[in-house]
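J.: Okay, structure incoming, though there's no sequence with it:
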């Protein structure tokens, strides 16, 4: 019998989002529950199983091919283990073994960036490409790549930590310990930091009413014409653009898909990235590579987990 | 009958270096001639054929598997064409077709960086790895990568232009037009430029006797204790190290092999690169990745071309 469906599980610190998905990426049935990580390993594992039971209920089990799980890392992908994560109760937890035993179905695990990369590649903005890079900018900057039609993981599963490329030798200290990482200069967090500095200074800006100013407010005030907000965005998005440009220079992709909260700030994000890439990359790259906004949004994780279930063997 | 040999051709602007090579990378017979590019297409093509004839003479042709050619680019690798190169007389020249017709043997072409990468991977410092990056620093900075055991070319054949990553937003203008490329800051040319600036200023340095000071002299005077020469090397090699660190952060390789003229400057080169990588890369990368000097030296091109002939299908 031809297998027609897979199950995708998007496991996050806040929510568990599970769906039965067909091989074209259509969600047939879905369920979202709160993770409630503080309740511990057994409770969270129970909730994952509940969501899977819910989405497969009513479907002939013989039509289900496999299960994919996207989780924040670090993971031991090969052995299907969540090593540790500050937002999840799992520690060296063999999640793949547990799920596999429960459902007697092939089960695969990968980190959220890789899973989102696969999702955009199979069902989103990267459809039809052979070499695609995915870059996500929100709190941090991360990425993934499909090379010659296959997910590229690197030798430890940590490839495309694009936010931790040095783009300013003497730049600010990054969370990773290095100075001048792209993430410390061009992430949503970096936008918020610059805005806070502005608010705390005496410059004239409509940002001044915010005590805990965020990237979202900077985008709003920039759109309203605030000069300081515009300047903060220009600086920050230029660094994000450099991270994209450097990644293109290394991977020579046909397409870069940019996702994460920062892209929701408006057209200015992709426009600035495109300008920086045109300024900084060699012509051969610029002519060949398009830069597009991710399209899967909040479904990137669950559809990516489904894509993992479809492609892994 | 089991095929036992391939022919490697290292086509350069100065020399043509051709060898009959066995499948373990041993050179059986070799020939080097001057390119004499000014004599034109027919003459140079004739010399390439002469060198091949010389190295295969005396060997049963049935034992020869294929021919590999490494050439400076830009190339159309798929169609075996040298598009153009300022040091060679070829323009849109179908070199693969010509060689194939002459010898009735499968023939493959790739650019010098890719070929050197393959050479180090199969027969040099990268032997036994699955994910290896090769970075070459001389006049410029270039690179190549073997990912999951296969040469990675990118979608236009230009992957790993690592010298053109931006590492200092407002840095000096690079030959490519961009500001602050790794090549403009960390290549042999950059070392020479800094040395010239020092010589033309009034600082106390033993470099001052040189009118057209080169990287070689900077290494020599630094080894002799000259403070300015040491400072120039530290600055330049730190930028080279950042290019290596950023490439590790993107590709997550097991090994980086560093070749090109600059590595011949002494242990200081690899030592500085290692220090910068330890400072700037995340622990997961540092623990997993070794950085080593290339070992094939002047034979990288010819053995790489042989490796191309062995691996391509």
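T.: It's in. Treat the numbers as computed from the prediction; the structure is a model and nothing was measured.
J.: Show the backbone phi and psi for residue A:26.
T.: phi -90, psi 130 (degrees, to the nearest 10).
J.: Give me the pLDDT for it.
T.: With respect to pLDDT, residue A:26 has a value of 97.
J.: Distance check, the closest residue to residue A:88 other than its chain neighbours against residue A:116.
T.: Residue nearest to residue A:88 in three dimensions, not counting chain neighbours: residue A:37, with 5.6 Å by C-beta to C-beta, 6 or more residues apart in numbering or on different chains. From N, CA and C alone the C-beta is placed, and that goes for glycine too. According to C-beta to C-beta, to the nearest Å, residue A:37 stands 21 Å off from residue A:116.
J.: Let me see the contact set for the closest residue to chain B within the stretch 1-150 of chain A.
T.: Closest contact between the stretch 1-150 of chain A and chain B, by C-beta to the nearest C-beta, is at residue A:131 (4.3 Å). By C-beta atoms under 8 Å, 6 or more residues apart in numbering or on different chains, residue A:131 lies in contact with A:145, A:146, A:147, A:148, A:251, A:252, A:253, A:254, A:255, B:154, B:155.
J.: quick one: pLDDT of residue A:209?
T.: pLDDT, residue A:209: 67.
J.: swap in residue A:1?
T.: 60.
J.: so residue A:175 makes contact with residue A:190?
T.: No: using C-beta atoms under 8 Å, residue A:175 is not in contact with residue A:190; the gap is 10.9 Å.
J.: Determine the residues that are contacts of both of those two.
T.: Counting by C-beta under 8 Å, 6+ apart, the shared contacts of residue A:175 and residue A:190 are A:183, A:184.
J.: returning to what we had before: name only those of the contacts of residue A:131 that count as buried.
T.: Among these, those classed as buried by 16 or more other C-beta atoms under 10 Å in any protein chain shown are A:145, A:146, A:147, A:251, A:252, A:253, A:254, A:255, B:154, B:155.
J.: how about those residues in TSV, adding secondary structure?
T.: Formatted as TSV, those follow (DSSP: H, G, I helix; E, B strand; the rest coil):
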residue	secondary structure
A:145	strand
A:146	strand
A:147	strand
A:251	helix
A:252	coil
A:253	coil
A:254	coil
A:255	strand
B:154	coil
B:155	coil
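J.: With respect to residue B:242, which of these is nearest?
T.: When those are compared for distance to residue B:242 (C-beta to C-beta), residue A:251 wins out at 18.1 Å.
J.: Give me the neighbour count for the residue nearest to residue A:44 when sequence neighbours are not counted.
T.: Excluding its sequence neighbours, the residue lying closest to residue A:44 (C-beta to C-beta, 6+ apart) is residue A:89, at 5.5 Å. Here the number of neighbours of residue A:89 (other C-beta atoms under 10 Å in any protein chain shown) works out to 19.
J.: Report back the residue of chain A that's furthest from centre.
T.: residue A:202 (36.3 Å; C-alpha atoms, centre = their mean).
J.: Which strand or helix spans that residue?
T.: Using DSSP states H and E, residue A:202 sits within no helix or strand.
J.: Return the distance of stretch A:2-22 from the chain's centre.
T.: Centroid displacement of stretch A:2-22 relative to its chain, using C-alpha atoms, centre = their mean, to the nearest Å, is 16 Å.
J.: and it, how far apart are its ends?
T.: Using C-alpha to C-alpha, to the nearest Å, the end-to-end distance of stretch A:2-22 comes to 12 Å.
J.: where exactly do the helices run in chain A?
T.: Per DSSP state H, chain A carries helices over the ranges A:41-56, A:95-103, A:112-123, A:182-186, A:188-200, A:215-223, A:227-251, A:267-280, A:283-288, A:300-311.
J.: As CSV, the ones you listed with mean pLDDT would be great.
T.: Below are the helices of chain A laid out as CSV (pLDDT from 0 to 100):
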stretch, mean pLDDT
helix A:41-56, 97
helix A:95-103, 97
helix A:112-123, 96
helix A:182-186, 96
helix A:188-200, 94
helix A:215-223, 95
helix A:227-251, 98
helix A:267-280, 98
helix A:283-288, 94
helix A:300-311, 97
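J.: Residue B:224: which of these is closest?
T.: Ranking the helices of chain A by distance to residue B:224, with C-beta to C-beta as the measure, places helix A:227-251 first at 36.6 Å.
J.: what about the residue most central in space within chain A, distance to residue B:2?
T.: Nearest to the mean C-alpha position of chain A, counting by C-alpha atoms, centre = their mean, stands residue A:113 at 4.3 Å. According to C-beta to C-beta, residue A:113 and residue B:2 sit 46 Å apart.
J.: Equivalent analysis for residue A:10, please.
T.: To residue B:2, residue A:10 is 52 Å away according to C-beta to C-beta.
J.: and the gap between residue A:292 and residue A:136?
T.: On the measure of C-beta to C-beta, residue A:292 and residue A:136 end up 13 Å apart.
J.: Just want to know which of these two has more residues nearby.
T.: Per other C-beta under 10 Å, whichever of residue A:292 and residue A:136 has more neighbours is residue A:136, with 27 against 18.
J.: any idea how far the spatially closest residue to that one that is not a sequence neighbour lies from chain B?
T.: Spatially, and ignoring its direct neighbours in sequence, residue A:136 is nearest to residue A:260 (3.7 Å; C-beta to C-beta, 6+ apart). The spacing between residue A:260 and chain B, counted by C-beta to the nearest C-beta, to the nearest Å, is 18 Å.
J.: Can you name the residue of the stretch 201-313 of chain A nearest chain B?
T.: Closest approach between the stretch 201-313 of chain A and chain B, counting by C-beta to the nearest C-beta: residue A:252, at 2.5 Å.
J.: ok so, going back, between residue A:10 and residue B:2, which is the more surrounded one?
T.: It is residue A:10, of residue A:10 and residue B:2, that has more neighbours when counted by other C-beta under 10 Å, with 28 against 7.
J.: State the pLDDT value of the more buried one.
T.: Value for residue A:10, per-residue pLDDT: 97.
J.: Who is it paired with across the strands?
T.: Bridge pairing for residue A:10 (DSSP bridges) gives the partners residue A:17, residue A:70.
J.: so it makes contact with residue A:301?
T.: Yes: with contact defined as C-beta under 8 Å, residue A:10 reaches residue A:301; the gap is 3.2 Å.
J.: what touches both of these two?
T.: A:17, A:70, A:112, A:115.
J.: Any idea how many residues pack against the second one?
T.: Using other C-beta under 10 Å, residue A:70 has 31 other residues around it.
J.: Hmm, it is touching residue A:108, no?
T.: No: Residue A:70 sits out of contact with residue A:108 when judged by C-beta under 8 Å, with a separation of 9.7 Å.
J.: Which neighbours do the two have in common?
T.: Common neighbours of residue A:70 and residue A:108, counting by C-beta under 8 Å, 6+ apart, are residue A:308.
J.: in stretch A:17-32, what counts as buried?
T.: Neighbour counts using 16+ other C-beta under 10 Å place A:17, A:18, A:19, A:20, A:21, A:23, A:25, A:29, A:30, A:31 of stretch A:17-32 among the buried residues.
J.: Same question for stretch A:171-181.
T.: A:171, A:174, A:176, A:178, A:180, A:181.
J.: Touching it from outside, list them.
T.: A:140, A:163-170, A:183-185, B:279-282.
J.: now those: which count as buried?
T.: When the contacts of stretch A:171-181 are checked for burial by 16+ other C-beta under 10 Å, the buried set is A:140, A:163-169, A:183-185, B:279-282.
J.: Of the residues you listed, just say which sits nearest to residue A:245.
T.: Nearest to residue A:245 among those is residue A:167, at 9.3 Å by C-beta to C-beta.
J.: Surely that closest one is in contact with residue B:169?
T.: Yes: the pair residue A:167 / residue B:169 is scored as a contact, 6.7 Å apart, by C-beta under 8 Å.
J.: which residues do the two both contact?
T.: Joint contacts of residue A:167 and residue B:169 (C-beta under 8 Å, 6+ apart) are A:239, A:242.
J.: what's the single nearest residue of the stretch 101-250 of chain A relative to chain B sitting at in phi/psi?
T.: Chain B sits closest to residue A:154 of the stretch 101-250 of chain A, with a gap of 2.5 Å, by C-beta to the nearest C-beta. Main-chain dihedrals, residue A:154, degrees, to the nearest 10: phi 80, psi 180.
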